[in-house]
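Engineer: how would this look folded up:
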Amino acid sequence: MKPNMYYQSVNGQVEQHLSINNRGLAYGDGVFTTAKVLDGKVERLASHIERLTMSCKTLNIPLPDMNKVIIELMAVAERYTLSVAKVIITAGDGGRGYSRQGCQTSNVIITFHPFPEHYANMQQQGLHLGVSSLKLGISPLLSGIKHLNRLEQVLVRQEVDNRAEDDLLVLNYFDNIVEASAANVFWLKNNVWYTPELKESGVEGLMRNHILQTTGNYCKIEIVNVKLAALVNIQAMFICNSVMGIMPVRQFQHQKLALMPCRDMAKFIEDIC
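Structural biologist: Presented below is the predicted three-dimensional model:
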């Protein structure tokens, strides 16, 4: 059996112990990012660091020395041809209550993990996407931020594990389409690509943002706030995040979908990187 973790450090020290007063443990008071490591390099490292920085500032979490984080990530990544890197920043150690008073220093946890082996097969075959019975709450204050409060996603993933589909599309309490269990979603209809607006709920994934920023001359993409009915008679669909990249959907509920538009998009993104 392969190890589920290659490397772990807390505040730059290689160890596996956290304080029981860590606010990330007590309240989910922190943020994180997950990146693909390929050929000894963290893909889109600058974007991951920028997101962590902006998220900490938005949530008023003390910003650690990001140069040290970068140096550690780059040094450890050189050991691996293919893996997954994860960085967690918590608001430090504090007392029992919600107040951060006395928390002057954040904690940085860095881990490296094996790359999911099943992704290669799913890239080739495409996945079957259903619709979750759960709905995401409306949280404009936190929407878009990859914070440590992930109980909704844990419950969605639990539902995925008990369903026949490979993943599930999730709506929010306004019945608007948001995302998959751990990925953003795009769909093609009438030769226009669409992706959900994320002002109410959801996470603005780095791969989603990369696609939106780089495909202007390749295709038309619209950001929309729509219900499930908008997905009737779509041509193609994919989900995406920084680790899996672009993952084609071969079937959405009972609709059979084309894989080639997704593969063409993936090739375009790969060629411009």
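Engineer: remind me which residues of the protein are low pLDDT?
Structural biologist: 1-3, 273 (pLDDT under 70).
Engineer: just the strands in it please.
Structural biologist: 7-10, 30-38, 41-42, 82-90, 107-114, 127-136, 167-172, 177-179, 184-189, 192-196, 221-224, 236-241, 245-252, 255-256 (DSSP state E).
Engineer: and Arg263, which of these is closest to it?
Structural biologist: strand 245-252 (6.6 Å; Cβ to Cβ). Glycine gets a C-beta too; all of them are placed from N, C-alpha and C.
Engineer: Direction included, what does the closest one pair up with?
Structural biologist: Strand pairing for strand 245-252, determined by DSSP bridges: strand 127-136 (parallel), strand 236-241 (antiparallel), strand 255-256 (antiparallel).
Engineer: Mean neighbour count and distance to Ala75 for these - can I get that in CSV?
Structural biologist: As requested, the strands paired with strand 245-252 are exported to CSV (neighbours: other Cβ atoms under 10 Å; distance: least, Cβ to Cβ, whole Å):
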stretch, mean neighbour count, distance to Ala75
strand 127-136, 18, 35
strand 236-241, 26, 25
strand 255-256, 12, 46
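Engineer: closest to Asn107 out of those strands?
Structural biologist: Comparing the strands paired with strand 245-252 by Cβ to Cβ, strand 236-241 comes nearest, at 24.3 Å.
Engineer: who's in contact with that closest one?
Structural biologist: Here strand 236-241 makes contact (Cβ atoms under 8 Å, 6 or more residues apart in numbering) with 34, 127, 129, 167, 179-180, 182-188, 205-208, 211, 231, 246-249, 252, 257-262, 265-266.
Engineer: Quick check, Ile138 in contact with Tyr173.
Structural biologist: Yes: the criterion here is Cβ atoms under 8 Å, and Ile138 meets it with Tyr173 at 5.7 Å.
Engineer: circling back: of the contacts of strand 236-241, grab the buried ones for PyMOL.
Structural biologist: If you want just the buried ones from those in PyMOL, going by 16 or more other Cβ atoms under 10 Å, the selection is:
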select buried, resi 34+127+129+167+179+180+182+183+184+185+186+187+188+205+206+207+208+211+231+246+247+248+249+252+257+258+259+261+262+265+266
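Engineer: what's Phe112 in contact with, if anything?
Structural biologist: 5-8, 37, 76-77, 79-80, 83-86.
Engineer: Can you flag the buried ones in those?
Structural biologist: Here, 16+ other Cβ under 10 Å leaves 6-8, 37, 76-77, 80, 83-86 buried among the contacts of Phe112.
Engineer: Format these as JSON lines; extra columns: distance to Gln123.
Structural biologist: What follows is the buried ones among the contacts of Phe112, written out as JSON lines (distance: Cβ to Cβ, whole Å):
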{"residue": "Tyr6", "distance to Gln123": "23"}
{"residue": "Tyr7", "distance to Gln123": "26"}
{"residue": "Gln8", "distance to Gln123": "28"}
{"residue": "Val37", "distance to Gln123": "17"}
{"residue": "Val76", "distance to Gln123": "26"}
{"residue": "Ala77", "distance to Gln123": "22"}
{"residue": "Tyr80", "distance to Gln123": "20"}
{"residue": "Ser83", "distance to Gln123": "17"}
{"residue": "Val84", "distance to Gln123": "16"}
{"residue": "Ala85", "distance to Gln123": "20"}
{"residue": "Lys86", "distance to Gln123": "21"}
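Engineer: Tell me the one of those nearest Arg150?
Structural biologist: Checking the buried ones among the contacts of Phe112 one by one against Arg150 (Cβ to Cβ), the nearest turns out to be Lys86, at 12.7 Å.
Engineer: Surely the closest one and Lys36 touch.
Structural biologist: No: look at Lys86 against Lys36 with Cβ under 8 Å: they stay out of range, at 11.0 Å.
Engineer: Gly28 contacts Lys146, doesn't it?
Structural biologist: No: look at Gly28 against Lys146 with Cβ under 8 Å: they stay out of range, at 11.7 Å.
Engineer: how does this protein divide into domains?
Structural biologist: According to automatic domain parsing, the chain comprises the domains 7-115, 120-272.
Engineer: hang on, the earlier thing: distance to Gly97 added to the strands paired with strand 245-252, as JSON lines?
Structural biologist: What follows is the strands paired with strand 245-252, written out as JSON lines (distance: least, Cβ to Cβ, whole Å):
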{"stretch": "strand 127-136", "distance to Gly97": "28"}
{"stretch": "strand 236-241", "distance to Gly97": "34"}
{"stretch": "strand 255-256", "distance to Gly97": "50"}
